[in-house]
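1. Build me a structure from this.
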Amino acid sequence: MSEELDEHHEFVSADSGSSATFPQQAGSIRKNAYVVLKGRPCKVVETSTSKTGKHGHAKIHFVGIDIFTGKKYEDICPTSHNMDVPNVSRADYNVLDVTGEGFVSLMDGKGGVKDDLRVPEGEVGDALRKGFEEGKDMIATIVCAMKEEAILAVKEAPKS
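-> Sure thing, here's the model as predicted:
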């Protein structure tokens, strides 16, 4: 028994302490807002509300598109209940390098370097590779939500 009391527990946290999501009343979530559907961060593309039934609660039907995969998700929730809303952040980075292994080296406005993102599939990835191979200065838009990051857009940097 005394051995259990002598144990030393150490808790280390490397994040900022902010939560990945926050609660919001379902009835106040509108089209083009973000919401967590089936455990994934989604952008709401359609909502419809049903009238109060014999059990008392009006319900809202959400249709959302996953902001990282583009997959469609749906959910129904009483308008008076809370739903999780993801903390979504966007940032622009200058593209420094595109490696042969499919990773991108990026630099933020403060000079910090980020090397842990893959070149995205599809049009965005093709535009990134093509612009970099042509020697253009490229800017990548990174979206971060629920401890997940991805390059969602690229554009050519303005000439200065």
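2. what is the rounded mean pLDDT of stretch 92-108?
-> The pLDDT scores in stretch 92-108 average 90.
3. Quick check, central residue of the protein?
-> Per C-alpha atoms, centre = their mean, the C-alpha nearest to the average position across the chain is that of residue 145, at 3.0 Å.
4. which non-adjacent residue is nearest residue 89?
-> If the residues on either side of it in the chain are set aside, residue 89 comes closest to residue 144, at 4.9 Å by C-beta to C-beta, 6 or more residues apart in numbering. Quick note: C-beta positions are derived from backbone N, CA and C, even for glycine.
5. Please give the element, helix or strand, for the one you found.
-> strand 138-145 (DSSP states H and E).
6. Partner strands of that strand, with direction?
-> When pairs are called by DSSP bridges, strand 138-145 turns out to pair with strand 89-98 (antiparallel), strand 148-156 (antiparallel).
7. And the contacts of the last one?
-> Residues outside strand 148-156 that contact it (C-beta atoms under 8 Å, 6 or more residues apart in numbering) are 41, 67-68, 95, 104, 116-117, 119-120, 124-125, 127-128, 131, 136-143.
8. same thing but at 7 Å, please
-> 68, 104, 117, 120, 124, 127-128, 131, 136-143 (C-beta atoms under 7 Å, 6 or more residues apart in numbering).
9. Over to the longest one?
-> Residues from elsewhere that reach strand 89-98, judged by C-beta under 7 Å, 6+ apart: 104-108, 114, 119, 128-129, 132, 137-144, 157.
10. Right, I'll leave it there.
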